[in-house]
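**Student:** Okay, here's the prediction I keep looking at, along with the sequence it came from:
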Amino acid sequence: MPRPARHVFVCTQQRPPQHPRGSCSAHGSPAVLQAFWGELQRRQAQDGVAVTSCGCLGPCGDGANVLVYPEGVLYSGVQPADVAEIFDAHLAGGRPVERLLAHASVW
């Protein structure tokens, strides 16, 4: 496998219900991860993009959180419906999706 140009990390952290920090899983991150994997397959983009599940990225209450490297762009509040836009704008076009960027106070 060649080295990917971009690596997407999708937080799938789980915490007990009512935990004060919340969790990305409670905000639907498993479905976001599946959407990324599905879009990766649909576009046959495996040589240029890697998608990996990961643990906590920080702003748990704002999830689902997605981190894209090498730029170090953190997205918050990502829903499955946002994945195609992230692929088009950022992963293929190099332009972060402004409306989904994590607030500057957390990243």
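**Tutor:** Happy to help now that I have it.

**Student:** For the longest helix along the chain, give me every contacting residue.
**Tutor:** When the chain is parsed with DSSP state H, its longest helix is helix 29-43. The contact list for helix 29-43, computed with CB atoms under 8 Å, 6 or more residues apart in numbering, reads 8, 10-13, 45-46, 49, 51, 53, 63-66, 78-80, 82-84, 87. C-beta coordinates here come from the backbone N, C-alpha and C atoms, glycine included.

**Student:** Roughly how far does the residue nearest the centre of the chain sit from residue 107?
**Tutor:** The residue lying closest to the centre of the chain (CA atoms, centre = their mean) is residue 66, at 2.3 Å. Per CB to CB, to the nearest Å, residue 66 is found 12 Å from residue 107.

**Student:** returning to what we had before: show only the entries of the contacts of helix 29-43 found in helices.
**Tutor:** Going by DSSP H, the helices hold 83, 84 from these.

**Student:** on that earlier part again, give me the distance from the longest helix of the chain to the chain's centre.
**Tutor:** Per CA atoms, centre = their mean, to the nearest Å, the displacement of helix 29-43 from the mean C-alpha position of its chain is 10 Å.

**Student:** residues of that helix that come out buried?
**Tutor:** For helix 29-43, burial by neighbour count (16 or more other CB atoms under 10 Å) applies to 29, 30, 32, 33, 35, 36, 39, 40.

**Student:** Report the buried members of the contacts of helix 29-43.
**Tutor:** Buried among these by 16+ other CB under 10 Å: 8, 10-13, 45, 49, 51, 53, 63-66, 78, 80, 82-83, 87.
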